[in-house]
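Trainee: Pasting the sequence and the predicted coordinates here, then a few questions.
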Amino acid sequence: MRNPGKKMNGLFLAMLLSYLLVSAAFALLALRNIGGGVIVALIAGELAVVLPGLVFLLLFRCDLSEWIPLKAVRFSTIVFSVLLTVLLQPLLYFLNIISQFFIKNVAADLFAQTEGIPGPVQVLSIAIIGPLCEEISFRGILLSGFRRTGRYFAAVLWTAFLFGLFHMNLNQFGYAMMIGFFCALTVEATGSMIPALIIHIGTNGYNVLQALALQEISKLSGEDLASAVEQSGMITPDFLLKIAAVMLIPAVGGTVLAFVVLIAMAKREGRKEHLLRILPFIKKPALQPEEGSVEERLPEEEQKSSVISATGIIGVLICVFMIFFFERMLQILGL
């Protein structure tokens, strides 16, 4: 494929515009009290993200096994993936707390909108359908395409950055980017999207179950606990600073252990040397391929091109506009 970076950035822009178009359509329907509610809108938005990628694969006659790598992994890799999910939670929570110095908890607002919707429906839509569509799009199609530039770690970073921006709010940007970063590294470590799916579904599922538990406690107590805490003025900058300080050591420790688990996972899948070669912060000896290794080589003409292009910058600017200006404009207009 010629100009893989340019093509993938163009695809990201198409995914972004598709998502914004569908979201705008459902927002207009909601103003007329039609459209099926927040869950239908969420699912439609996720399908709008994945559809341009599937059309791209069809038009360019791409091998699905290469672009959406779902090859089987060892049972130990699945266990490592679950462990990695647990180890990352302190870091994600820490980043969430830091973001709340600047913006409210957007995810909490989303779960407030889903109150009253059956738990299984929330789990299916938020914890399964959402991650599946996003992993196919970002850790599948986009990452596979950007890797064809020959800049593996740059592809990991760029797709993680785009994934964080795609949420289009500062609250979710940091921890979504970190999820994207580690999910992309698991694809490099294993050659499969399965660990990334486990991490993403596990993280979203944990948050959904946490929200459902809070909703049940609120019902039993007869009081909306989340609203009561917000209205009480407990969540002050000083309070957030104390929580962030408490979470700092678990976040750092969990992240270090996550890299240890990641390397162990790569070793089990015969891709340890590949993973070590692409990590810029690890000193690399002259490595020889391990027995059973599945190292990948790109055609010489497709190596070492840029992962960033004009279309990618346009997509980034649109996301930044949505983050910093669009919501403020709606507030000014009273919408």
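Mentor: Thanks, I have it.
Trainee: Show me what the helix or strand harbouring residue 207 is packed up against.
Mentor: Element membership of residue 207, judged by DSSP states H and E, is helix 194-221. In terms of contact count using 3 or more CB pairs under 8 Å, 6 or more residues apart in numbering; DSSP states H and E, helix 194-221 is assigned the packing partners helix 75-99, helix 106-113, helix 119-122, helix 130-134, helix 170-190, helix 225-232. Backbone N, C-alpha and C define where each C-beta goes, glycine included.
Trainee: how does it look with 10 Å?
Mentor: Here helix 194-221 touches helix 75-99, helix 106-113, helix 119-122, helix 130-134, helix 170-190, helix 225-232, helix 237-268, going by 3 or more CB pairs under 10 Å, 6 or more residues apart in numbering; DSSP states H and E.
Trainee: Just the buried positions in that helix, please.
Mentor: Neighbour-count burial for helix 194-221, counted by 16 or more other CB atoms under 10 Å, picks out 194-205, 207-208, 211-212, 214-215, 218.
Trainee: Stretch 89-106 too?
Mentor: With burial defined by 16+ other CB under 10 Å, the residues of stretch 89-106 counted as buried are 89-100, 105-106.
Trainee: can I get those residues in a markdown table with pLDDT and distance to residue 180?
Mentor: Conversion of these to a markdown table gives the following (pLDDT from 0 to 100; distance: CB to CB, whole Å):
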| residue | pLDDT | distance to residue 180 |
| --- | --- | --- |
| 89 | 97 | 16 |
| 90 | 97 | 18 |
| 91 | 97 | 13 |
| 92 | 97 | 12 |
| 93 | 96 | 17 |
| 94 | 97 | 17 |
| 95 | 96 | 12 |
| 96 | 94 | 15 |
| 97 | 94 | 19 |
| 98 | 94 | 17 |
| 99 | 91 | 16 |
| 100 | 89 | 20 |
| 105 | 80 | 20 |
| 106 | 75 | 17 |
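Trainee: okay, now the spatially closest residue to residue 167 that is not a sequence neighbour: neighbour count?
Mentor: Excluding its sequence neighbours, the residue lying closest to residue 167 (CB to CB, 6 or more residues apart in numbering) is residue 176, at 4.9 Å. Residue 176: 22 surrounding residues under other CB atoms under 10 Å.
Trainee: Would you check how far apart residue 176 and residue 164 are?
Mentor: If you measure residue 176 against residue 164 using CB to CB, to the nearest Å, the figure is 5 Å.
Trainee: if we can go back for a sec, hey, least reliable of the helices and strands packed on helix 194-221 by pLDDT?
Mentor: Least confident of these, judged by mean pLDDT, is helix 225-232 with a mean of 55.
Trainee: Name the spans of the stretch 201-335 of the chain whose pLDDT lies under the cut-off.
Mentor: Low-confidence segments of the stretch 201-335 of the chain, defined by pLDDT under 70: 223-234, 283-303, 326-335.
Trainee: Residue 92 reaches residue 251, doesn't it?
Mentor: Yes: proximity of residue 92 to residue 251 meets the contact threshold set by CB atoms under 10 Å, at 8.5 Å.
Trainee: Contacts only, for residue 310.
Mentor: Taking CB atoms under 10 Å, 6 or more residues apart in numbering as the criterion, residue 310 is in contact with 6, 9, 10, 13.
Trainee: Counting neighbours, what do you get for the second one?
Mentor: Same thing as residue 9. Around residue 9 there are 27 other residues, counting by other CB under 10 Å.
Trainee: which residues does it contact?
Mentor: Residues in contact with residue 9 (CB under 10 Å, 6+ apart) are 3, 142, 145-146, 158, 162, 306-316.
Trainee: Export the helices and strands packed on helix 194-221 as CSV, with columns for distance to residue 51.
Mentor: Compiled in CSV, these are given as follows (distance: least, CB to CB, whole Å):
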stretch, distance to residue 51
helix 75-99, 27
helix 106-113, 22
helix 119-122, 22
helix 130-134, 9
helix 170-190, 20
helix 225-232, 34
helix 237-268, 31
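Trainee: Most tightly packed of those?
Mentor: Neighbour counts averaged per stretch over the helices and strands packed on helix 194-221 are highest for helix 170-190, at a mean of 24; criterion: mean count of other CB atoms under 10 Å.
Trainee: Which other helices and strands does it contact?
Mentor: Contacts defined by 3+ CB pairs under 10 Å, 6+ apart place helix 170-190 against helix 75-99, helix 106-113, helix 130-134, helix 143-147, helix 152-166, helix 194-221, helix 237-268, helix 272-278.
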